[in-house]
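K.L.:
Just to be clear, the model below is a prediction. Sequence and coordinates:
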Amino acid sequence: MSDCKTYYLTTPIYYVNDVPHIGHAYTTIIADTIARYSRLKGIDTFFLTGTDEHGQKIEEAARKRGKTPKEYADEISAKFKELWDEFEISYDKFIRTTDLEHIKGVQKAFLEMYKKGDIYKDYYEGHYCVSCESFVAPSQLVNDELCPDCGKPTRIIKEESYFFKLSKYQDAILKWLKEKKPILPESRANEVIRFVEEGLKDLSITRTSFEWGVKLPKEINDPKHVVYVWLDALFNYLTALGYGSEDESLVKKYWPAKLHIVGKDILKFHAVYWPAFLMSIGYELPKKIAAHGWWTRDGEKMSKSKGNVINPKEVADAYGIENFRYFMLREVPFGADGDFSEKALIDRINNDLGNDLGNLLNRIIGMAYKYFDGKVSSRDIEKYYANELSEAREIIKDIEEKYLWKMQTHKYLEELWKILSIGNKAIDTYKPWELMKNGEEDKAMALIGLIANLLAMVAVYLHAVMPKTTSTIADTLGFEINTERFNAINEGILLNDFVIKKIPPLFPKIEKPLMKKEEVKKEPENIITIDEFFKVELKVGEVIEAEEVKKSKKLLKLQVDLGEERLRQIIAGIKEYYKPEELVGTQVCVVSNLKPAKLMGMMSEGMLLAAKDDSGLSLIRPEKKKKTGTPIK
RNA sequence: GGUGAGGUAGCUCAGCUGGCUAGAGCGCCGGUCUCAUAAGCCGGAGGUCGGGAGUUCAAGUCUCCCCCUCACUACCA
């Protein structure tokens, strides 16, 4: 990976049916990190993101708002772009599937595939889910109608459709998946392989039921049809480079893509359909497709109805975009689902960033000024601290190959932090304050130099994750982060002598959560089904005996007849409200299948229904006398 | 139902082809230094390594059975 001359990577293009959420931010931030790293290394890098804007869902969403699809798409697309700009995402191109060049490119590709004989016309009939933009197999339907994925009703559609001969490429795809192993993480690869092995059906790739999409190439002359959104969308990776335009030089330069980063939900499209399309038009396949997981919040799935969706902008505003970036990349192994909680985020900022990194910088700023007027020199580091230095170099040596290119950012960062640990330990081990007392000034100076160099390494390798923060660190240490410096660090070249700058703490302690607690509108979650209700057996009972439980303020011991062979003993907390004698002979409502419990050492085999408010407690009783044991429904 | 992954310290997880007293980070407890953002450093807490059986001189690490979780997929309701 490190030997490529160019590096082309992409995020998915985001569907404009929704405003950006943490998942979009996560994907994009990973991609941005890889892109920045690649550039820092001196590789000619092209980083693409954008928005996916066609399809029936968009058409309908726009109509609801009284807008044209284009107006609506413009609006949402702009939100993505704004967010990425705010997040300093270093994309080289932001593509929109409504761009004219893209549309031309899709038409060109369609025509190519058509000419090759990979596309044929037929009919498609089936249940179609507008929301998911896909047909649902009859067997999958819930209640013969509802979409199993989103739960919304499907529509029966019979329409003329063009089909892509996906089945033709089954073996080739399988071979590619198995031999090239393009999918990260590998556990996902198995899923895709299984999917392909079970047989690929030809894919319906046009629709006639709506208009908001790319028209078929005019050569085919079939104006009823628009191109299926997924075909349309996937080709963005090529059209963004100018495929289908007069100038295809970027395609030549950057294709094939080195990396498509996707969410696990759309892996199949990228790992099966996309390669098949590419094979059909005779293009090379992407090198890697990396599928990441979802984010949950405080352990719960995020959803609009729960009102616990994380707005990435809110987090960034409260905690800083770079801290947020660090958190997301450090917190979760690539591919796994991650959990967002403010506590976890704060812990990362305070511990990792504040204590380990920021504070280490402060430690040497303090010492440098206390002992040497701020001067720092690398002069005697090799002489006194060769071990520490080589340990750190050892870590740097292969984190890139082992972790970064494999998207293992959490490991990458973990490794990097070991360097900070070496630094923090070294200070405690060699105790510069004692060195100074003992007149070993050179050794103290070298120690500060060592730490400065360790910090420089970390800053350079962390630059892709936290561009601004690391630039500040570099500035403090009298250097600039660039490719030259990157290479110098790798060659073991130490920092020039410099005067360290005094700066305020980079990561002030966060004492309490900073995000506004929005009123979470929760759907009532305690709705139960009728079946669940009937699990509770309620019966009318008559109180036969009643007596006080001594030593208890609240309890009465009752013998209740539920029309069973024997009386039930029920311990009820109603002593403050009812006297035993006024209960005997009256009817009550009893939960009869409650698990027996011991109260004050006595068995209680049921529970009385009662209502309690400020004015006291009242038993619930049948309005008219009923036979004992009558079930209550 | 099929396929795959996984069940290891309070939490999140490492533990490759079987082998010294089962590890890391966070959290917690104790100790300690003072350059520093009450940060750092050191030490500890002692987890039947999901359960059971087996192979072996030796098993989280291999075999078999069972239980549970998750993912993908199928199908019956």
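P.N.:
That came in fine, so what should we check first? Numbering: from 1, shown residues only, chains lettered A, B, ... in the order given.

K.L.:
Tell me which residue of chain A lies closest to RNA strand B.
P.N.:
Nearest residue of chain A to RNA strand B, counting by Cβ to the nearest atom of the strand: A:Gly358, 1.8 Å away. C-betas here are computed from N, CA, C, even on glycine.

K.L.:
Please tell me the pLDDT value assigned to that residue.
P.N.:
Per-residue pLDDT puts A:Gly358 at 96.

K.L.:
ok, it touching A:Pro504?
P.N.:
No - A:Gly358 lies out of contact with A:Pro504 (Cβ atoms under 8 Å); the separation is 9.9 Å.

K.L.:
So which of these two has more stuff around it?
P.N.:
Higher neighbour count among A:Gly358 and A:Pro504: A:Gly358, with 22 against 7, using other Cβ atoms under 10 Å.

K.L.:
Tell me how far stretch A:17-26 lies from the chain's centre.
P.N.:
Its chain's average C-alpha position is 9 Å from that of stretch A:17-26, according to Cα atoms, centre = their mean, to the nearest Å.

K.L.:
Helices along the stretch 351-500 of chain A, start to end?
P.N.:
Secondary structure of the stretch 351-500 of chain A by DSSP state H, counting those that start in this stretch: the helices cover A:359-372, A:381-402, A:409-430, A:432-437, A:441-462, A:467-476, A:483-490.

K.L.:
could these be laid out in CSV, adding mean neighbour count?
P.N.:
Shown next, in CSV, are the helices of the stretch 351-500 of chain A (neighbours: other Cβ atoms under 10 Å):
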stretch, mean neighbour count
helix A:359-372, 18
helix A:381-402, 16
helix A:409-430, 19
helix A:432-437, 16
helix A:441-462, 24
helix A:467-476, 19
helix A:483-490, 16
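
K.L.:
can you tell which of the ones you listed is closest to A:Ile310?
P.N.:
Taking Cβ to Cβ, helix A:409-430 is the member of the helices of the stretch 351-500 of chain A nearest to A:Ile310, at 19.0 Å.

K.L.:
Would that closest one count as contacting RNA strand B?
P.N.:
Yes - Helix A:409-430 lies within reach of RNA strand B by Cβ under 7 Å from any atom of the strand, at A:421, A:424-425, A:427-429.

K.L.:
thought A:Phe47 was touching A:Ile95?
P.N.:
No - counting by Cβ under 8 Å, A:Phe47 sits too far from A:Ile95 to count as a contact (11.5 Å).

K.L.:
Just give the number of residues close to A:Leu353.
P.N.:
Going by other Cβ under 10 Å, the residues that sit close to A:Leu353 add up to 23.

K.L.:
does the nearest residue to it once chain neighbours are set aside count as helix, strand or coil?
P.N.:
In space, and not counting its chain neighbours, A:Leu353 is closest to A:Phe507: 4.4 Å by Cβ to Cβ, 6 or more residues apart in numbering. Three-state assignment for A:Phe507 (DSSP: H, G, I helix; E, B strand; the rest coil): coil.

K.L.:
what's the neighbour count on A:Phe507?
P.N.:
By other Cβ under 10 Å, neighbour count at A:Phe507 equals 22.

K.L.:
Next: A:Gly42.
P.N.:
12.

K.L.:
That one - nearest residue in space that isn't next to it in sequence?
P.N.:
A:Thr483 (4.3 Å).

K.L.:
Give me the distance between that neighbour and A:Tyr7.
P.N.:
14 Å (Cβ to Cβ, to the nearest Å).

K.L.:
Over to A:Ala172?
P.N.:
Between A:Ala172 and A:Tyr7 the computed distance is 26 Å (Cβ to Cβ).

K.L.:
quick one: which of these two has more around it?
P.N.:
A:Tyr7 (24 against 13).

K.L.:
does that one sit in a helix, a strand or a coil?
P.N.:
Secondary structure of A:Tyr7, per three-state DSSP, is strand.

K.L.:
For it, list the residues it contacts.
P.N.:
For A:Tyr7, the contact set (Cβ atoms under 8 Å, 6 or more residues apart in numbering) comprises A:35, A:38, A:43-46, A:258-259.

K.L.:
Widest-spaced pair of those?
P.N.:
Checking the contacts of A:Tyr7 with Cβ to Cβ, the most distant pair is A:Asp44 and A:Leu259, at 14.5 Å.
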